[in-house]
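[1] this one's sequence-less:
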(Lines give C-alpha, C1' and ligand atoms only; values in the text may rest on other atoms or scores of the structure.)
Protein backbone atom coordinates (compact mmCIF):
# COMPACT_ATOMS: atom_id res chain seq x y z
CA UNK A 1 0.00 0.00 0.00
CA UNK A 2 1.43 3.33 -1.07
CA UNK A 3 1.86 5.93 1.67
CA UNK A 4 1.08 9.54 0.95
CA UNK A 5 3.36 12.34 2.14
CA UNK A 6 1.83 14.19 5.09
CA UNK A 7 0.49 17.61 4.24
CA UNK A 8 2.13 20.46 6.07
CA UNK A 9 -0.30 22.85 7.74
CA UNK A 10 2.35 25.36 8.79
CA UNK A 11 1.40 28.88 7.71
CA UNK A 12 3.70 31.25 5.85
CA UNK A 13 4.27 33.31 9.00
CA UNK A 14 4.93 30.11 10.91
CA UNK A 15 7.64 29.12 8.44
CA UNK A 16 9.26 32.54 8.72
CA UNK A 17 9.20 32.22 12.50
CA UNK A 18 10.80 28.76 12.32
CA UNK A 19 13.53 30.05 10.00
CA UNK A 20 14.20 32.95 12.38
CA UNK A 21 14.32 30.56 15.36
CA UNK A 22 16.77 28.27 13.58
CA UNK A 23 18.99 31.22 12.60
CA UNK A 24 18.88 32.64 16.13
CA UNK A 25 19.87 29.34 17.73
CA UNK A 26 22.53 28.55 15.11
CA UNK A 27 24.26 31.96 15.05
CA UNK A 28 23.04 34.07 18.01
CA UNK A 29 25.76 36.69 17.48
CA UNK A 30 24.75 37.33 13.87
CA UNK A 31 21.10 37.32 14.90
CA UNK A 32 21.80 40.00 17.53
CA UNK A 33 23.61 42.17 14.96
CA UNK A 34 20.78 41.66 12.46
CA UNK A 35 18.16 42.75 15.01
CA UNK A 36 20.22 45.81 15.95
CA UNK A 37 20.67 46.76 12.29
CA UNK A 38 16.96 46.28 11.63
CA UNK A 39 16.04 48.58 14.50
CA UNK A 40 18.48 51.22 13.25
CA UNK A 41 16.90 51.13 9.79
CA UNK A 42 13.37 51.41 11.22
CA UNK A 43 14.28 54.37 13.44
CA UNK A 44 16.20 56.02 10.60
CA UNK A 45 13.03 55.93 8.52
CA UNK A 46 10.94 57.27 11.41
CA UNK A 47 13.37 60.12 12.13
CA UNK A 48 13.35 61.03 8.42
CA UNK A 49 9.60 61.66 8.45
CA UNK A 50 8.43 65.32 8.54
CA UNK A 51 6.32 64.55 11.63
CA UNK A 52 9.51 63.83 13.59
CA UNK A 53 11.08 67.27 13.10
CA UNK A 54 9.92 70.43 14.82
CA UNK A 55 9.79 72.32 11.48
CA UNK A 56 7.82 69.59 9.74
CA UNK A 57 10.56 68.99 7.16
CA UNK A 58 12.46 65.89 6.11
CA UNK A 59 15.64 65.40 8.13
CA UNK A 60 18.70 64.61 5.94
CA UNK A 61 19.69 60.95 5.76
CA UNK A 62 23.05 61.42 7.50
CA UNK A 63 21.42 63.13 10.50
CA UNK A 64 18.52 60.65 10.64
CA UNK A 65 20.84 57.65 10.50
CA UNK A 66 23.27 59.07 13.03
CA UNK A 67 20.43 59.91 15.44
CA UNK A 68 18.94 56.43 15.04
CA UNK A 69 22.27 54.76 15.78
CA UNK A 70 22.94 57.10 18.71
CA UNK A 71 19.49 56.38 20.15
CA UNK A 72 19.49 52.59 19.72
CA UNK A 73 23.10 52.39 20.91
CA UNK A 74 22.27 54.76 23.83
CA UNK A 75 25.28 56.89 22.94
CA UNK A 76 24.12 60.48 23.30
CA UNK A 77 26.17 62.00 20.48
CA UNK A 78 24.23 64.20 18.06
CA UNK A 79 24.72 66.05 14.79
CA UNK A 80 21.64 68.22 15.37
CA UNK A 81 20.31 70.10 18.39
CA UNK A 82 18.35 67.26 20.00
CA UNK A 83 16.27 69.61 22.12
CA UNK A 84 15.03 71.89 19.33
CA UNK A 85 15.29 69.89 16.10
CA UNK A 86 12.81 67.15 16.98
CA UNK A 87 9.07 67.44 17.49
CA UNK A 88 7.07 65.91 20.34
CA UNK A 89 6.70 62.76 18.21
CA UNK A 90 10.45 62.73 17.61
CA UNK A 91 11.18 62.97 21.33
CA UNK A 92 8.81 60.07 22.02
CA UNK A 93 10.78 58.04 19.45
CA UNK A 94 14.01 59.01 21.22
CA UNK A 95 12.75 57.87 24.63
CA UNK A 96 11.36 54.63 23.19
CA UNK A 97 14.61 53.94 21.33
CA UNK A 98 16.90 54.50 24.31
CA UNK A 99 14.71 52.27 26.48
CA UNK A 100 15.00 49.45 23.95
CA UNK A 101 18.70 50.01 23.40
CA UNK A 102 19.50 50.41 27.09
CA UNK A 103 17.74 47.28 28.26
CA UNK A 104 19.06 45.23 25.34
CA UNK A 105 17.41 44.21 22.10
CA UNK A 106 17.41 40.47 22.82
CA UNK A 107 16.28 41.07 26.39
CA UNK A 108 13.34 43.19 25.20
CA UNK A 109 12.37 40.47 22.72
CA UNK A 110 12.49 37.86 25.48
CA UNK A 111 10.43 40.03 27.86
CA UNK A 112 7.75 40.52 25.19
CA UNK A 113 7.72 36.78 24.53
CA UNK A 114 7.35 36.10 28.26
CA UNK A 115 4.45 38.56 28.54
CA UNK A 116 2.65 37.13 25.51
CA UNK A 117 3.17 33.40 26.06
CA UNK A 118 3.62 33.49 29.87
CA UNK A 119 6.50 31.06 29.54
CA UNK A 120 10.13 31.20 28.51
CA UNK A 121 11.46 28.49 26.21
CA UNK A 122 15.06 27.34 26.00
CA UNK A 123 15.80 29.40 22.90
CA UNK A 124 14.37 32.54 24.48
CA UNK A 125 16.48 31.89 27.58
CA UNK A 126 19.59 31.51 25.45
CA UNK A 127 18.82 34.77 23.62
CA UNK A 128 18.33 36.67 26.87
CA UNK A 129 21.44 35.04 28.34
CA UNK A 130 23.45 36.39 25.41
CA UNK A 131 22.54 39.91 26.54
CA UNK A 132 23.36 39.19 30.20
CA UNK A 133 26.59 37.29 29.55
CA UNK A 134 28.68 37.73 26.36
CA UNK A 135 30.31 34.33 26.94
CA UNK A 136 27.01 32.70 25.96
CA UNK A 137 26.99 34.37 22.55
CA UNK A 138 29.30 31.62 21.29
CA UNK A 139 28.48 27.98 20.72
CA UNK A 140 29.82 25.38 23.05
CA UNK A 141 30.11 25.03 26.83
CA UNK A 142 30.21 28.06 29.10
CA UNK A 143 32.36 28.24 32.21
CA UNK A 144 30.61 27.67 35.51
CA UNK A 145 29.92 30.31 38.12
CA UNK A 146 28.24 32.88 35.89
CA UNK A 147 26.65 35.93 37.50
CA UNK A 148 23.27 34.72 36.23
CA UNK A 149 22.76 31.07 35.35
CA UNK A 150 20.52 29.89 32.53
CA UNK A 151 17.85 28.68 34.94
CA UNK A 152 17.66 32.16 36.48
CA UNK A 153 17.03 34.01 33.21
CA UNK A 154 13.30 34.28 33.87
CA UNK A 155 13.98 35.99 37.18
CA UNK A 156 16.55 38.24 35.54
CA UNK A 157 14.07 39.37 32.89
CA UNK A 158 11.54 40.27 35.57
CA UNK A 159 14.27 42.16 37.44
CA UNK A 160 15.27 44.03 34.27
CA UNK A 161 11.73 45.16 33.53
CA UNK A 162 10.81 46.05 37.11
CA UNK A 163 14.11 47.67 38.07
CA UNK A 164 14.27 49.81 34.93
CA UNK A 165 10.73 51.14 35.42
CA UNK A 166 11.09 51.52 39.19
CA UNK A 167 14.47 53.27 39.15
CA UNK A 168 13.42 55.68 36.39
CA UNK A 169 10.11 56.43 38.13
CA UNK A 170 11.73 57.10 41.52
CA UNK A 171 14.42 59.37 40.08
CA UNK A 172 11.81 61.24 38.02
CA UNK A 173 9.66 61.83 41.09
CA UNK A 174 12.67 63.08 43.06
CA UNK A 175 13.64 65.45 40.24
CA UNK A 176 10.10 66.80 39.84
CA UNK A 177 10.02 69.17 42.87
CA UNK A 178 13.30 70.78 41.81
CA UNK A 179 11.91 71.49 38.36
CA UNK A 180 8.73 72.92 39.81
CA UNK A 181 10.89 75.27 41.89
CA UNK A 182 12.54 76.35 38.64
CA UNK A 183 9.16 77.78 37.56
CA UNK A 184 8.03 75.11 35.10
CA UNK A 185 4.36 74.18 34.93
CA UNK A 186 3.47 70.72 36.20
CA UNK A 187 3.19 68.90 32.84
CA UNK A 188 6.46 70.32 31.52
CA UNK A 189 8.21 69.54 34.80
CA UNK A 190 6.82 65.98 34.76
CA UNK A 191 7.95 65.38 31.18
CA UNK A 192 11.43 66.83 31.71
CA UNK A 193 11.98 64.94 34.98
CA UNK A 194 11.00 61.68 33.26
CA UNK A 195 13.22 62.53 30.27
CA UNK A 196 16.24 63.27 32.47
CA UNK A 197 15.60 60.11 34.48
CA UNK A 198 15.45 57.87 31.40
CA UNK A 199 18.57 59.44 29.90
CA UNK A 200 20.44 58.99 33.20
CA UNK A 201 19.54 55.33 33.76
CA UNK A 202 20.15 54.38 30.13
CA UNK A 203 23.47 56.29 30.24
CA UNK A 204 22.50 58.29 27.14
CA UNK A 205 22.74 61.94 28.13
CA UNK A 206 20.31 63.59 25.70
CA UNK A 207 18.77 66.83 26.98
CA UNK A 208 15.06 67.77 26.69
CA UNK A 209 15.55 71.55 26.40
CA UNK A 210 18.02 73.97 24.84
CA UNK A 211 19.00 75.19 28.32
CA UNK A 212 20.00 71.63 29.24
CA UNK A 213 21.74 71.38 32.59
CA UNK A 214 22.49 75.11 32.82
CA UNK A 215 19.76 75.87 35.43
CA UNK A 216 20.97 72.98 37.59
CA UNK A 217 24.72 73.14 36.91
CA UNK A 218 25.56 73.76 40.58
CA UNK A 219 22.59 71.97 42.16
CA UNK A 220 23.87 69.15 44.39
CA UNK A 221 20.43 67.48 44.61
CA UNK A 222 19.83 67.46 40.86
CA UNK A 223 23.34 66.39 39.84
CA UNK A 224 23.43 63.80 42.62
CA UNK A 225 20.25 62.15 41.36
CA UNK A 226 21.64 62.02 37.82
CA UNK A 227 24.81 60.38 39.18
CA UNK A 228 22.75 57.76 41.03
CA UNK A 229 20.75 57.02 37.87
CA UNK A 230 23.90 56.67 35.77
CA UNK A 231 25.58 54.49 38.42
CA UNK A 232 22.63 52.10 38.67
CA UNK A 233 22.41 51.83 34.88
CA UNK A 234 26.17 51.31 34.54
CA UNK A 235 26.65 48.47 37.04
CA UNK A 236 24.56 46.10 34.92
CA UNK A 237 21.34 44.14 35.31
CA UNK A 238 23.05 40.94 36.58
CA UNK A 239 24.48 43.00 39.45
CA UNK A 240 21.10 44.61 40.17
CA UNK A 241 19.55 41.13 40.12
CA UNK A 242 22.10 39.82 42.60
CA UNK A 243 21.74 42.85 44.89
CA UNK A 244 17.94 42.54 44.82
CA UNK A 245 18.25 39.01 46.18
CA UNK A 246 21.17 39.41 48.60
CA UNK A 247 21.60 43.11 49.33
CA UNK A 248 22.45 42.55 53.00
CA UNK A 249 24.54 39.44 52.42
CA UNK A 250 27.72 40.51 50.60
CA UNK A 251 29.27 37.08 51.22
CA UNK A 252 26.71 35.64 48.81
CA UNK A 253 27.62 38.05 46.01
CA UNK A 254 29.26 36.43 43.03
CA UNK A 255 32.78 37.34 41.95
CA UNK A 256 31.33 39.29 39.02
CA UNK A 257 29.25 41.46 41.36
CA UNK A 258 32.19 42.14 43.69
CA UNK A 259 34.56 42.99 40.84
CA UNK A 260 32.01 45.26 39.14
CA UNK A 261 31.13 47.27 42.24
CA UNK A 262 34.67 47.58 43.61
CA UNK A 263 36.24 48.52 40.27
CA UNK A 264 33.46 51.00 39.51
CA UNK A 265 33.90 52.78 42.85
CA UNK A 266 37.69 52.82 42.53
CA UNK A 267 37.52 54.37 39.06
CA UNK A 268 34.94 56.92 40.23
CA UNK A 269 37.17 58.12 43.08
CA UNK A 270 40.41 58.09 41.06
CA UNK A 271 38.73 59.96 38.20
CA UNK A 272 37.37 62.60 40.57
CA UNK A 273 40.79 63.09 42.17
CA UNK A 274 42.40 63.44 38.74
CA UNK A 275 39.89 66.05 37.53
CA UNK A 276 40.05 67.97 40.83
CA UNK A 277 43.78 68.54 40.53
CA UNK A 278 44.19 68.67 36.74
CA UNK A 279 41.47 71.33 36.37
CA UNK A 280 42.22 73.15 39.63
CA UNK A 281 43.62 76.27 37.93
CA UNK A 282 41.52 76.11 34.75
CA UNK A 283 39.19 79.11 35.02
CA UNK A 284 37.16 77.84 32.04
CA UNK A 285 36.08 74.67 33.89
CA UNK A 286 36.47 74.20 37.68
CA UNK A 287 39.02 76.92 38.44
CA UNK A 288 36.56 79.62 39.45
CA UNK A 289 34.48 77.43 41.79
CA UNK A 290 34.64 77.07 45.56
CA UNK A 291 35.95 73.90 47.17
CA UNK A 292 32.59 72.19 47.55
CA UNK A 293 31.60 72.80 43.96
CA UNK A 294 34.96 71.61 42.68
CA UNK A 295 34.52 68.31 44.52
CA UNK A 296 30.93 67.93 43.26
CA UNK A 297 31.83 68.73 39.66
CA UNK A 298 34.89 66.44 39.76
CA UNK A 299 32.80 63.48 40.94
CA UNK A 300 29.99 64.32 38.51
CA UNK A 301 32.33 64.48 35.52
CA UNK A 302 34.14 61.33 36.62
CA UNK A 303 30.82 59.47 36.61
CA UNK A 304 29.65 60.95 33.31
CA UNK A 305 32.84 60.05 31.44
CA UNK A 306 32.19 56.41 32.31
CA UNK A 307 29.18 56.50 29.93
CA UNK A 308 26.68 58.95 31.45
CA UNK A 309 27.01 61.61 28.76
CA UNK A 310 25.85 64.64 30.78
CA UNK A 311 28.18 67.60 31.22
CA UNK A 312 28.08 70.92 33.05
CA UNK A 313 31.22 72.23 31.35
CA UNK A 314 32.49 72.81 27.82
CA UNK A 315 34.53 69.69 26.99
CA UNK A 316 36.68 71.57 24.49
CA UNK A 317 37.96 73.78 27.32
CA UNK A 318 39.46 70.89 29.30
CA UNK A 319 43.22 70.68 29.63
CA UNK A 320 44.94 68.14 27.41
CA UNK A 321 45.78 65.99 30.44
CA UNK A 322 42.11 65.90 31.46
CA UNK A 323 41.09 64.93 27.93
CA UNK A 324 43.50 62.00 28.12
CA UNK A 325 42.10 60.89 31.48
CA UNK A 326 38.61 61.15 29.98
CA UNK A 327 39.69 59.00 27.04
CA UNK A 328 40.83 56.26 29.42
CA UNK A 329 37.67 56.39 31.56
CA UNK A 330 35.38 56.37 28.53
CA UNK A 331 37.24 53.45 26.95
CA UNK A 332 36.77 51.41 30.14
CA UNK A 333 33.06 52.22 30.41
CA UNK A 334 30.68 50.49 32.81
CA UNK A 335 29.64 46.99 33.84
CA UNK A 336 28.83 44.03 31.64
CA UNK A 337 25.20 43.67 30.50
CA UNK A 338 24.56 47.29 31.50
CA UNK A 339 23.32 50.39 29.72
CA UNK A 340 26.93 51.63 29.63
CA UNK A 341 29.48 50.94 26.91
CA UNK A 342 33.26 50.53 26.76
CA UNK A 343 35.36 47.42 27.29
CA UNK A 344 33.70 47.02 30.75
CA UNK A 345 35.14 47.37 34.25
CA UNK A 346 35.47 43.61 34.78
CA UNK A 347 37.69 43.40 31.69
CA UNK A 348 40.04 45.96 33.24
CA UNK A 349 39.92 44.15 36.58
CA UNK A 350 40.88 40.83 34.96
CA UNK A 351 43.85 42.42 33.17
CA UNK A 352 45.14 43.96 36.41
CA UNK A 353 44.63 40.71 38.31
CA UNK A 354 46.64 38.90 35.62
CA UNK A 355 49.42 41.49 35.90
CA UNK A 356 49.49 41.16 39.71
CA UNK A 357 49.57 37.36 39.46
CA UNK A 358 52.49 37.56 37.04
CA UNK A 359 54.33 40.01 39.31
CA UNK A 360 53.89 37.65 42.27
CA UNK A 361 55.00 34.68 40.21
CA UNK A 362 51.62 33.00 40.60
CA UNK A 363 50.31 30.77 37.83
CA UNK A 364 46.65 31.55 38.60
CA UNK A 365 44.52 34.69 38.96
CA UNK A 366 42.65 35.05 42.23
CA UNK A 367 40.21 37.61 43.66
CA UNK A 368 37.92 37.53 46.70
CA UNK A 369 39.02 33.96 47.50
CA UNK A 370 38.07 32.73 44.05
CA UNK A 371 40.22 31.41 41.18
CA UNK A 372 39.64 32.89 37.73
CA UNK A 373 40.13 30.53 34.75
CA UNK A 374 42.54 31.46 31.97
CA UNK A 375 39.84 31.57 29.28
CA UNK A 376 38.41 34.71 30.92
CA UNK A 377 41.81 36.39 30.53
CA UNK A 378 41.96 35.42 26.84
CA UNK A 379 38.52 36.92 26.32
CA UNK A 380 39.52 40.12 28.17
CA UNK A 381 42.63 40.54 26.02
CA UNK A 382 40.60 40.04 22.84
CA UNK A 383 38.01 42.60 23.97
CA UNK A 384 40.71 45.23 24.59
CA UNK A 385 42.47 44.51 21.29
CA UNK A 386 39.24 44.61 19.29
CA UNK A 387 38.20 47.84 21.02
CA UNK A 388 41.58 49.50 20.47
CA UNK A 389 41.57 48.42 16.82
CA UNK A 390 38.09 49.87 16.24
CA UNK A 391 39.00 53.19 17.88
CA UNK A 392 42.35 53.44 16.08
CA UNK A 393 40.81 52.67 12.68
CA UNK A 394 38.04 55.18 13.28
CA UNK A 395 40.55 57.88 14.29
CA UNK A 396 42.73 57.32 11.24
CA UNK A 397 39.77 57.62 8.87
CA UNK A 398 38.37 60.66 10.68
CA UNK A 399 41.74 62.41 10.60
CA UNK A 400 41.83 61.89 6.84
CA UNK A 401 38.32 63.33 6.50
CA UNK A 402 38.93 66.43 8.62
CA UNK A 403 41.55 68.94 9.74
CA UNK A 404 40.62 68.73 13.43
CA UNK A 405 43.06 68.27 16.30
CA UNK A 406 44.00 64.69 17.15
CA UNK A 407 42.95 64.96 20.81
CA UNK A 408 39.47 66.17 19.77
CA UNK A 409 39.07 63.45 17.14
CA UNK A 410 40.31 60.77 19.54
CA UNK A 411 37.96 61.97 22.26
CA UNK A 412 34.85 61.81 20.04
CA UNK A 413 35.91 58.49 18.49
CA UNK A 414 36.27 56.89 21.93
CA UNK A 415 33.02 58.54 23.03
CA UNK A 416 31.29 56.94 20.04
CA UNK A 417 32.85 53.51 20.61
CA UNK A 418 32.10 53.56 24.35
CA UNK A 419 28.61 55.05 23.74
CA UNK A 420 29.44 57.86 26.19
CA UNK A 421 27.92 60.83 24.37
CA UNK A 422 30.37 63.53 25.42
CA UNK A 423 31.85 65.62 22.63
CA UNK A 424 34.48 68.29 22.08
CA UNK A 425 32.32 69.73 19.30
CA UNK A 426 33.90 67.67 16.53
CA UNK A 427 30.78 65.53 15.96
CA UNK A 428 28.42 68.49 15.53
CA UNK A 429 30.59 69.98 12.80
CA UNK A 430 31.54 66.72 11.08
CA UNK A 431 31.01 66.16 7.37
CA UNK A 432 28.61 63.48 6.13
CA UNK A 433 31.38 60.90 5.51
CA UNK A 434 32.72 61.51 9.02
CA UNK A 435 29.20 61.15 10.41
CA UNK A 436 28.88 57.72 8.81
CA UNK A 437 32.24 56.69 10.26
CA UNK A 438 31.18 57.77 13.76
CA UNK A 439 27.83 55.99 13.34
CA UNK A 440 29.65 52.78 12.41
CA UNK A 441 31.94 53.20 15.43
CA UNK A 442 28.92 53.60 17.71
CA UNK A 443 27.25 50.53 16.24
CA UNK A 444 30.34 48.34 16.61
CA UNK A 445 30.93 49.59 20.15
CA UNK A 446 27.38 48.91 21.29
CA UNK A 447 26.93 45.42 19.88
CA UNK A 448 30.10 44.52 21.75
CA UNK A 449 33.48 43.29 20.67
CA UNK A 450 32.66 39.76 21.86
CA UNK A 451 29.46 39.65 19.82
CA UNK A 452 31.24 41.05 16.78
CA UNK A 453 34.08 38.56 17.03
CA UNK A 454 31.67 35.67 17.51
CA UNK A 455 29.63 36.79 14.51
CA UNK A 456 32.72 36.90 12.32
CA UNK A 457 33.89 33.53 13.54
CA UNK A 458 30.36 32.05 13.36
CA UNK A 459 31.11 29.57 16.15
CA UNK A 460 33.78 28.25 18.45
CA UNK A 461 36.11 25.91 16.56
CA UNK A 462 37.12 22.70 18.25
CA UNK A 463 40.63 21.42 17.67
CA UNK A 464 41.19 17.73 18.37
CA UNK A 465 44.99 17.94 18.53
CA UNK A 466 47.69 20.05 20.18
CA UNK A 467 50.76 21.38 18.41
CA UNK A 468 54.29 21.35 19.80
CA UNK A 469 54.90 24.09 22.36
CA UNK A 470 57.46 26.88 21.90
CA UNK A 471 57.87 30.12 23.86
CA UNK A 472 58.58 33.40 22.00
CA UNK A 473 60.41 36.25 23.73
CA UNK A 474 57.90 38.72 25.26
CA UNK A 475 58.66 42.09 26.82
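    Done, it's in. The structure displayed is predicted, hence computed values, not measured ones.
[2] thought residue 331 was touching residue 419?
    No: using Cβ atoms under 8 Å, residue 331 makes no contact with residue 419, being 11.4 Å away. C-beta here means a position set from N, CA and C on the backbone, and glycine is covered the same way.
[3] please identify the helix or strand for the residue lying closest to residue 432 once chain neighbours are set aside.
    Leaving out its chain neighbours, the residue that sits closest to residue 432 by Cβ to Cβ, 6 or more residues apart in numbering is residue 62, at 4.4 Å. For residue 62, the host element (DSSP states H and E) is helix 61-72.
[4] neighbours around the residue nearest to residue 432, how many?
    17 (other Cβ atoms under 10 Å).
[5] one step back: ok, and what's touching the helix holding residue 62?
    36, 39-41, 43-48, 59, 75-80, 82, 93-94, 97-98, 100-101, 105, 204, 421, 432, 435-436, 438-439, 442-443, 446 (Cβ atoms under 8 Å, 6 or more residues apart in numbering).
[6] tell me the spacing between residue 397 and residue 276.
    Computed as Cβ to Cβ, to the nearest Å, the residue 397 to residue 276 distance reads 35 Å.
[7] kindly report the same for residue 421.
    Where residue 276 is concerned, residue 421 sits at a distance of 23 Å (Cβ to Cβ).
[8] phi and psi next, for residue 371.
    Main-chain torsions, residue 371, degrees, to the nearest 10: phi -90, psi 140.
[9] was I right to think it contacts residue 362?
    No: applying Cβ under 8 Å, one finds residue 371 not in contact with residue 362, separated by 10.3 Å.
[10] going along the chain, name the strands of this structure.
    365-367, 370-372 (DSSP state E).
[11] please identify the deepest-packed of these.
    Using mean count of other Cβ atoms under 10 Å, the stretch among the strands of the chain with the largest mean neighbour count is strand 365-367, at a mean of 18.
[12] how distant is it from the center of its chain?
    Mean C-alpha position of strand 365-367 versus that of the full chain (Cα atoms, centre = their mean, to the nearest Å) differs by 27 Å.
[13] contacts made by it with the rest, please.
    Here strand 365-367 makes contact (Cβ under 8 Å, 6+ apart) with 255, 258-259, 349-350, 353-354, 357, 371-372, 374, 376-377.
[14] show me which pair in these is furthest apart.
    In terms of Cβ to Cβ, the contacts of strand 365-367 reach their longest pairwise distance at 258 and 374, which sit 19.9 Å apart.
[15] neighbour count: those two, which is higher?
    residue 258 (18 against 11).
[16] that one: what's its closest spatial neighbour, skipping adjacent residues?
    Using Cβ to Cβ, 6+ apart, the nearest residue to residue 258 is residue 368, at 5.0 Å.
[17] residue 231 and residue 171, how far apart?
    Per Cβ to Cβ, residue 231 is found 11 Å from residue 171.
[18] can you tell me how far the spatially closest residue to residue 200 that is not a sequence neighbour sits from residue 95?
    With sequence-adjacent residues excluded and distances taken as Cβ to Cβ, 6+ apart, residue 200 is closest to residue 229, at 3.0 Å. From residue 229 across to residue 95, the span is 14 Å (Cβ to Cβ).
[19] quick one: contacts of stretch 399-406?
    395, 398, 409, 426, 430-431, 433-434, 437.
[20] list only those of the contacts of helix 61-72 flagged as buried.
    36, 39-40, 43-44, 46-48, 59, 75-80, 82, 93-94, 97-98, 100-101, 105, 204, 421, 435-436, 438-439, 442-443, 446 (16 or more other Cβ atoms under 10 Å).
[21] mind checking which of those residues land in helices?
    36, 39-40, 43-44, 46-48, 82, 93-94, 97-98, 100-101, 105, 435-436, 438-439, 442-443, 446 (DSSP state H).
[22] the residue nearest to residue 48 when sequence neighbours are not counted: neighbour count?
    In space, and not counting its chain neighbours, residue 48 is closest to residue 64: 4.4 Å by Cβ to Cβ, 6+ apart. Residue 64 has 22 neighbouring residues, counting by other Cβ under 10 Å.
[23] distance of residue 361 relative to residue 241?
    Distance from residue 361 to residue 241, by Cβ to Cβ: 37 Å.
[24] of these two, which one has the most company?
    Using other Cβ under 10 Å as the criterion, residue 361 and residue 241 rank with residue 241 on top: 23 against 6.
[25] separation between that one and residue 368?
    In this view, residue 241 and residue 368 are 19 Å apart by Cβ to Cβ.
[26] show me the residues around residue 438 that make contact.
    Shown in contact with residue 438 (Cβ under 8 Å, 6+ apart): 66, 77, 394, 398, 412-413, 416, 427, 430.
[27] same deal with residue 439?
    Contacts of residue 439 by Cβ under 8 Å, 6+ apart are 65-66, 69-70, 416.
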